[in-house]
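Colleague: Okay, here's the prediction I keep looking at, along with the sequence it came from:
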Amino acid sequence: MLRWIDTHNHLFVLPEEQQKKEVSEARKVGVVSSLVCASGVSNLEEARRCAYEYDQAYACGIHPLYIGYSWKEDLTALEAFLEEHREDPRLAAVGECGLDFSAACSVPHDVQEEVFSTQLKLARKYGLPLSLHGREAMDIVLKYIRRLPPQLGIIHAFNGSMAQAQVFLQNGFKLGYGGAVSYDGSKRIRKILSELPDDAWVLETDCPDMPPSWVREENKENPESALADTACYGAVAAELRNTTIEEISEQSIQNTLKAIPKFGVLISAS
């Protein structure tokens, strides 16, 4: 069977029965593990619980959309959590963190940048890769990456230019592709994926967010992505890159292991 790793999801937000179903259905199509990403200090423990209950990995960080008035205390709590669990084999990354300068995020830019900068320092301190968010702020994200380069990481849901892609690659990142790549209208995203080097990209679902085109067509009221969609995105990548799905499966696994090394032990054990 082909093997896949979903490098970004928020499994813990789903009802418990749906969590179990998601993991079961994903395993049927070869999804051997995933990275469950926290969005703030209020769900660090939930992300960790999911990782242990369903044999996944997890990332801990503060998403720009979830930065609150107590952000200084939250950063202290995040560091304390990372320190407490620094030897945890399933704690695989710092994230989801980054910058969001879109209209959807009302957090002042200077606060976002300070929170992001601190998390970059924490990633370096604890030797962890980043699961990185960047929306309408890609060049500012890259400014911080150059200033405080992490060891490794993934830029989640990459939708930038080829020039920006090259800078991320030069700084040790892989580019994450998921639901957006399934839409014919995502011309730039699909074109860049088709042209990237073999070792430059990984697959993700952002479950339950960023549903693929076929789900949105079938369920316009409440479309959601699923962990099992990872395999579907692999098929899309194979078509765009004009290669076999077997080759895409192997490349995606190897690229993920380079970006998030702790998956090596987890998928070997499974």
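Modeller: The structure has been received and is ready for your questions. Numbering: from 1, shown residues only.
Colleague: Poorly predicted segments of this protein, please.
Modeller: Within the chain, the stretches with pLDDT under 70 are 269-270.
Colleague: For it, which segments are assigned as helices?
Modeller: Ranges of helices in the chain, per DSSP state H, are 16-28, 44-53, 71-84, 109-125, 138-147, 162-170, 187-195, 213-218, 229-240, 245-259, 263-269.
Colleague: Can you say which of the ones you listed is packed in most?
Modeller: Most buried of the helices of the chain by mean neighbour count (mean count of other C-beta atoms under 10 Å) is helix 229-240; its value is a mean of 22. For the C-beta atoms, the positions are set from N, CA and C on the backbone; glycine is no exception.
Colleague: Tell me what angle it forms with helix 187-195.
Modeller: Compare the direction of helix 229-240 with that of helix 187-195 by axes from the mean of the first three to the mean of the last three C-alpha atoms, to 10 degrees and you get 80 degrees.
Colleague: Residue 22 versus the nearest residue to residue 123 once chain neighbours are set aside, what's the distance?
Modeller: Nearest residue to residue 123, sequence neighbours excluded (C-beta to C-beta, 6 or more residues apart in numbering): residue 94, at 4.2 Å. Distance, residue 94 to residue 22, using C-beta to C-beta, to the nearest Å: 24 Å.
Colleague: Same check on residue 241?
Modeller: 27 Å.
Colleague: and if you look at residue 66?
Modeller: 22 Å.
Colleague: Then residue 263?
Modeller: Distance, residue 263 to residue 22, using C-beta to C-beta: 18 Å.
Colleague: same thing with residue 78?
Modeller: Separation of residue 78 from residue 22 (C-beta to C-beta) stands at 26 Å.
Colleague: residues contacting the residue nearest to residue 123?
Modeller: Residues in contact with residue 94 (C-beta atoms under 8 Å, 6 or more residues apart in numbering) are 59-61, 82, 119, 122-123, 126, 128-131.
Colleague: what's the closest non-adjacent residue to residue 131?
Modeller: The spatially closest residue to residue 131, leaving aside those adjacent along the chain, is residue 95, at 2.7 Å (C-beta to C-beta, 6+ apart).
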